[in-house]
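Student: predicted coordinates and the sequence they were generated for:
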Amino acid sequence: MAENTITKFSATGRRKEAVARVQLIPGKGEIIVNKKPVLKYFIRETDRIILQQPLTLTNNLNKYDVVANIKGGGLTGQAGALRHGISRALILAEPALKEILRKNTYLTRDPRMKERKKYGQKGARKRFQWTKR
């Protein structure tokens with residue numbers, strides 16, 4: 001009664017305000033982000049390079065299909081979140097890759113966040129112009 005059991009490896013990646021829910025499926029290397037091909041979603045090549053880093057490092061670029069849903073943040077933050085999610089999913093698929101990915105800091109969640117605006121100021125750091133008279 002087991003009809004076509006495909007193993008899926010799911011993981012979550014985060015960076016800044018972006019959250020990426022990633023599914024790693026054995027396949028031929030297609031990357032689909034929010035129901036669009038990666039070339040249509042990430043227009044900048046630097047963002048595409050960022051998200052493919054864990055796959056190229058571990059020589060799994062043509063071994064797995066990536067299906068991802070991303071919410072929040074900007075495109076570069078989303079690319080970083082997707083890289084984090086792909087790295088975590090790769091560990092679930094192949095636990096031996098953990099050391100390689102850890103060494104290249106792909107498993108570390110980037111803790112840098114936007115600093116909050118302070119009262120009595122124009123922004124987080126910028127202040128209103130001071131007048132002497």
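Tutor: Yes, it's here. Bear in mind the structure is a predicted one, so any value in this text is a computation, not a measurement.
Student: hang on, residue 13 is in a helix, isn't it?
Tutor: No: with DSSP: H, G, I helix; E, B strand; the rest coil as the criterion, residue 13 is located in strand rather than a helix.
Student: what's around residue 72, how many residues?
Tutor: 14 (other C-beta atoms under 10 Å). Every C-beta, even on glycine, is put in place using the N, C-alpha and C of the backbone.
Student: and for residue 54?
Tutor: 26.
Student: look at it and tell me its secondary structure.
Tutor: Quick answer, by three-state DSSP: residue 54 is helix.
Student: which residue, neighbours along the chain excluded, lies closest to it?
Tutor: Distances taken as C-beta to C-beta, 6 or more residues apart in numbering place residue 87 nearest to residue 54, at 4.4 Å, with adjacent residues excluded.
Student: what residues are up against that neighbour?
Tutor: 11, 13, 54, 101, 106-107 (C-beta atoms under 8 Å, 6 or more residues apart in numbering).
Student: out of these, which comes closest to residue 77?
Tutor: Taking C-beta to C-beta as the measure, residue 77 lies nearest residue 13 of these, at 10.6 Å.
Student: touching, that closest one and residue 24? I think so.
Tutor: No: with contacts counted by C-beta atoms under 8 Å, residue 13 stays clear of residue 24, the gap being 11.5 Å.
Student: rewinding a little: looking at this, the residue nearest to residue 54 is in a strand?
Tutor: No: going by three-state DSSP, the assignment for residue 87 is helix, not a strand.
Student: pLDDT below threshold where in the protein?
Tutor: 1-5 (pLDDT under 70).
Student: re earlier: anything in contact with each of residue 13 and residue 24?
Tutor: residue 86.
Student: helices of this structure, start to end?
Tutor: 38-41, 45-57, 75-93, 98-103 (DSSP state H).
Student: mind listing what the nearest residue to residue 116 once chain neighbours are set aside touches?
Tutor: The spatially closest residue to residue 116, leaving aside those adjacent along the chain, is residue 124, at 6.3 Å (C-beta to C-beta, 6+ apart). Residues near residue 124 by C-beta under 8 Å, 6+ apart: 114-118.
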